[in-house]
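Asks: After the sequence you'll find the predicted model.
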Amino acid sequence: MVEPNDRASTDLPDEIVEDVRAVRRAHAAAFGFDVARIVADLRKKDAASGDSLVSLQPKPARHRRVAAAE
């Protein structure tokens, strides 16, 4: 049985995913893999970007119709 995350030997590596993982590893290594320091750096970069975060109100739940029991 093949697990969902198993890759067949014929699959080519996804270059974009590998690039993102390499950047993440390098960023984490720069902070000694200390999660608190990594988060602090990301928050500092977020604040310095000047971009604003938009929080939308949640949409009301739609009621589902339930089929009558047979």
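Replies: Received it, and whenever you're ready, just let me know what you need.

Asks: Okay, strands next: where are they in the protein?
Replies: With DSSP state E, there are no strands along the chain.

Asks: Tell me which stretches of it form helices.
Replies: 15-30, 35-49 (DSSP state H).

Asks: Let's have those helices in CSV, adding mean pLDDT.
Replies: As requested, these are exported to CSV (pLDDT from 0 to 100):
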stretch, mean pLDDT
helix 15-30, 95
helix 35-49, 94
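
Asks: If we ignore the residues flanking it in sequence, what's nearest D41?
Replies: F31 (6.3 Å; Cβ to Cβ, 6 or more residues apart in numbering). C-beta here means a position set from N, CA and C on the backbone, and glycine is covered the same way.

Asks: who touches that neighbour in this structure?
Replies: 37-38, 41 (Cβ atoms under 8 Å, 6 or more residues apart in numbering).

Asks: Figure out which of the helices of the chain is closest to R62.
Replies: R62 sits nearest to helix 35-49 of all the helices of the chain, at 33.3 Å, using Cβ to Cβ.

Asks: Give the buried residues for that closest one.
Replies: I38 (16 or more other Cβ atoms under 10 Å).

Asks: Kindly export that helix (C-alpha atoms) in CSV.
Replies: The C-alpha atoms that make up helix 35-49 are tabulated as CSV, following Å, rounded to 0.1, in the frame of the first residue of the first chain:
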residue,chain,number,x,y,z
VAL,A,35,11.0,29.3,17.1
ALA,A,36,10.7,32.4,19.4
ARG,A,37,13.5,34.2,17.5
ILE,A,38,12.1,33.2,14.1
VAL,A,39,8.6,34.5,15.0
ALA,A,40,10.0,37.7,16.4
ASP,A,41,11.9,38.3,13.1
LEU,A,42,8.8,37.5,11.0
ARG,A,43,6.7,39.9,13.1
LYS,A,44,9.4,42.6,12.8
LYS,A,45,9.4,42.2,9.0
ASP,A,46,5.6,42.2,8.9
ALA,A,47,5.5,45.5,10.9
ALA,A,48,8.2,47.1,8.7
SER,A,49,6.3,46.1,5.5
